[in-house]
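[1] My questions concern the predicted model and sequence given below.
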Amino acid sequence: MQDPVSTSPVMTTTTPAPFERKVVLSLAALYTFRMFGLFMLLPVLALYGTEYAHHSPFLLGLALGAYGFSQALLQIPFGVLSDRIGRKPLILAGLLIFVLGSVVAALAESVYGLIIGRFLQGGGAISAVVMALLTDLTSDENRTKAMATIGASIGVSFSVAMTAGPLLAAWGGVGAIFWLTALLGLVGVYILLKLVPDVSHTRSSAREAVAVPGLLASTLKHPQLLRLNVGIFVLHFVLMSSFVVLPLMLENQLQIPRNYHGLVYFPLLAFAFVLMLPFVIIAEKRRKIKSVFLLAVALLLAAELALTQVGDSFIAALLVLFVFFIAFNVLEATQPSMVSKIAPAGAKGTATGIYSTCQVLGVFSGGALGGWLLQEQGGQMVFLLNAILVLIWLAVAWSMKPPQFLASVLIPLRGQDHQALAEKLRAVDGVAEVVIVASENTAYLKVDQQRVNRKQLAAIVDDE
């Protein structure tokens, strides 16, 4: 029999801790194995892509970013569809599509076959569905920690993959990376079928993880979220376009053999991750998130400008890459937190769906446009374009309002007088927003967790 899952975030969860740990660890492993193969390609394709017939910098950049295009097309539809046919069937289908794309890419002999394989890899757009399943199987009290665990696992995966990718490519070429990626996708299938618990229903709280079509227009126009959507697009544009050029720069300008590139990336990423933590702690604990965020954008701007002037100086290149990785890690950690804080009550899933779509559009655009610019104008122009985009981002972000530190709380209702209940909930200290969705019989709240009394919220609902 399946362990019980709490459906009331204002009550004490009935879910045993071992059950939730199993959920979080299994989904984190699934996420990590899938992303590991994608990350491994980032530092090597610009170098080893010349082995493919019909290659050019533009087509290799297009191949690098192609999975972002198909993800952008399918990410929100996959999430919405999972509400109708179930989470695990959609995740299974996505993993199988991902494996198919990996096999196609592994067998490719021309750059066009590589692009098709990468497009298919992105077709397994399961990120939103995995997060929705996490929402279904964890209590509200533990969900923030659960998502942080998955985020941390992705960060570790990125660092290890940036080291393993060059080593594996030196041994077996890009094809070896795709075969390993296909194998890891199958491991993900095993984890899904054998380790991830079944869920017989989707919870009303899934709108906190999955986009609601009726909220897309209003959420797209939200001025504060729009700034963050611009930001995540630029951040991943810069990441992908930079890695169209950086591997070539390390090999040609700095004379670092390609099979040693991973040994350059790993210590930089490891130390950058360590130095990122104080910034994130200051942002969250001291509620200085906007200041930390703007500082990180400024550091990213400085890094991109400096990359245009590095020349053949090994020490200067290492310092600039170190700053780049610190800024990237801080921005990757703080922006999703800001989206969660700013998203209107009951629209968190929609806000994160749009945000994630902008992220993968940045992946596609950065790879394609970065490759074209490298081909036509050279690597320095790629870094210069990145600097211009980051400067625009800094200007857009400068005027954003500091986000309120609000968390989402969901309260299942029992046919109460919704209007009267909403007024009572709004009167509770620390409650900033109340939205009642009658069709779901659920109240969605945004609350300041340092001020709100959850027992008081529960008492109001129980008294109605």
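    That came through fine.

[2] Surely residue 408 is within a strand?
    Yes: under DSSP: H, G, I helix; E, B strand; the rest coil, residue 408 sits within a strand.

[3] Could you check how far it is from residue 290?
    Applying C-beta to C-beta, to the nearest Å, the value for residue 408 to residue 290 is 20 Å. Every C-beta, even on glycine, is put in place using the N, C-alpha and C of the backbone.

[4] likewise residue 248?
    With distances defined as C-beta to C-beta, the gap from residue 248 to residue 290 amounts to 36 Å.

[5] In a helix, residue 445, correct?
    No: when classified by three-state DSSP, residue 445 is found to be strand rather than part of a helix.

[6] Compute the number of surrounding residues for it.
    Counted by other C-beta atoms under 10 Å, the residues lying close to residue 445 total 27.

[7] ditto for residue 315
    8.

[8] Distance of it relative to residue 254?
    The gap separating residue 315 from residue 254 is 10 Å, by C-beta to C-beta.

[9] same deal with residue 59?
    When C-beta to C-beta is applied, the distance between residue 59 and residue 254 equals 25 Å.

[10] Which of the two has more residues huddled nearby?
    Between residue 59 and residue 254, counted using other C-beta under 10 Å, the more crowded position is residue 59 (22 against 17).

[11] Provide a list of residues in contact with the nearest residue to the more buried one once chain neighbours are set aside.
    The spatially closest residue to residue 59, leaving aside those adjacent along the chain, is residue 111, at 4.5 Å (C-beta to C-beta, 6 or more residues apart in numbering). Remark: with contacts taken as C-beta atoms under 8 Å, 6 or more residues apart in numbering, residue 111 is in contact with 49, 52, 53, 54, 55, 56, 59, 60, 63.

[12] Could you single out the nearest of those to residue 75?
    Proximity of the contacts of residue 111 to residue 75, judged by C-beta to C-beta, is greatest for residue 63, which lies at 19.8 Å.

[13] so is that closest one in a helix, a strand, or just coil?
    Secondary structure of residue 63, per three-state DSSP, is helix.

[14] hmm, back to that, got a markdown table for the contacts of residue 111, with distance to residue 328 and secondary structure too?
    Formatted as a markdown table, the entries for the contacts of residue 111 read as follows, by distance: C-beta to C-beta, whole Å; DSSP: H, G, I helix; E, B strand; the rest coil:
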| residue | distance to residue 328 | secondary structure |
| --- | --- | --- |
| 49 | 23 | helix |
| 52 | 28 | coil |
| 53 | 33 | strand |
| 54 | 32 | coil |
| 55 | 27 | coil |
| 56 | 27 | coil |
| 59 | 26 | helix |
| 60 | 22 | helix |
| 63 | 22 | helix |
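
[15] In JSON lines: those residues, plus pLDDT.
    Shown next, in JSON lines, are the contacts of residue 111 (pLDDT from 0 to 100):
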{"residue": "49", "pLDDT": "95"}
{"residue": "52", "pLDDT": "96"}
{"residue": "53", "pLDDT": "96"}
{"residue": "54", "pLDDT": "96"}
{"residue": "55", "pLDDT": "96"}
{"residue": "56", "pLDDT": "97"}
{"residue": "59", "pLDDT": "97"}
{"residue": "60", "pLDDT": "97"}
{"residue": "63", "pLDDT": "97"}
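
[16] filter the residues you listed to the buried ones?
    With neighbours counted by 16 or more other C-beta atoms under 10 Å, the contacts of residue 111 contain buried members at 49, 52, 55, 56, 59, 60, 63.

[17] tell me what the top helix by length along the chain is packed against?
    Taking residue count as the measure and DSSP state H as the definition, the longest helix of the chain comes out as helix 140-190. Applying 3 or more C-beta pairs under 8 Å, 6 or more residues apart in numbering; DSSP states H and E, we find helix 140-190 packed against helix 17-41, helix 45-48, helix 87-107, helix 111-123, helix 127-137, helix 261-285, helix 314-342, strand 407-412.

[18] what residue ranges in this structure score low on pLDDT?
    Of all residues in the chain, those with pLDDT under 70 make up the ranges 1-17, 140-141, 199-206, 415-417, 464.

[19] try it again with 50
    1-16, 204 (pLDDT under 50).

[20] If we go by neighbour counts, what in stretch 288-306 is buried?
    Applying a neighbour-count criterion of 16+ other C-beta under 10 Å, one finds 289-290, 292-293, 295-297, 299-306 buried in stretch 288-306.

[21] Keep only those of the residues you listed that are in helices.
    With helices defined by DSSP H, the entries of these inside them are 289-290, 292-293, 295-297, 299-306.

[22] Looking at these, spot the one nearest residue 185.
    Within the set of these, residue 300 lies nearest residue 185; the separation is 31.7 Å, counting by C-beta to C-beta.

[23] Quick check: residue 356 vs residue 154, distance?
    Using C-beta to C-beta, residue 356 is found at 13 Å from residue 154.

[24] measure residue 294 to residue 386 for me?
    Using C-beta to C-beta, which is the criterion applied here, residue 294 is 18 Å from residue 386.

[25] again with residue 92
    With distances taken as C-beta to C-beta, residue 92 is found 38 Å from residue 386.

[26] And the two? Which one has more around it.
    residue 386 (27 against 17).

[27] how close does the more buried one get to residue 94?
    Between residue 386 and residue 94 the distance, using C-beta to C-beta, works out to 31 Å.

[28] can you check residue 161 too?
    Taking C-beta to C-beta as the measure, residue 161 and residue 94 are separated by 20 Å.

[29] next one: residue 384
    Using C-beta to C-beta, one obtains 37 Å as the distance from residue 384 to residue 94.

[30] For these two, work out which one has more neighbours and name it.
    Ranked by neighbour count (other C-beta under 10 Å), residue 384 and residue 94 place residue 94 first, with 24 against 17.

[31] which residues touch that one?
    In this structure, residue 94 makes contact with 78, 123, 124, 125, 126, 129, judged by C-beta under 8 Å, 6+ apart.

[32] What's the separation between residue 343 and residue 127?
    Using C-beta to C-beta, one gets 17 Å for the distance from residue 343 to residue 127.

[33] So which of those two has more stuff around it?
    Summary of the neighbour comparison: residue 343 and residue 127, criterion other C-beta under 10 Å, with residue 343 having more neighbours (27 against 22).

[34] show me what contacts residue 316?
    Residue 316 makes contacts with 306, 310, as judged by C-beta under 8 Å, 6+ apart.

[35] scratch that, residue 262 is what I was asking about
    Applying C-beta under 8 Å, 6+ apart, we find residue 262 in contact with 43, 162, 163, 164, 165, 166, 167.

[36] residues contacting the closest residue in space to the second one that isn't next to it in sequence?
    Using C-beta to C-beta, 6+ apart and skipping residues adjacent in sequence, the residue nearest residue 162 is residue 265, 4.2 Å away. Taking C-beta under 8 Å, 6+ apart as the contact definition, residue 265 lies against 43, 159, 162, 163, 166, 321.

[37] what do you get for residue 218?
    Listed by C-beta under 8 Å, 6+ apart, the contact partners of residue 218 are residue 347.

[38] No further questions, thank you.
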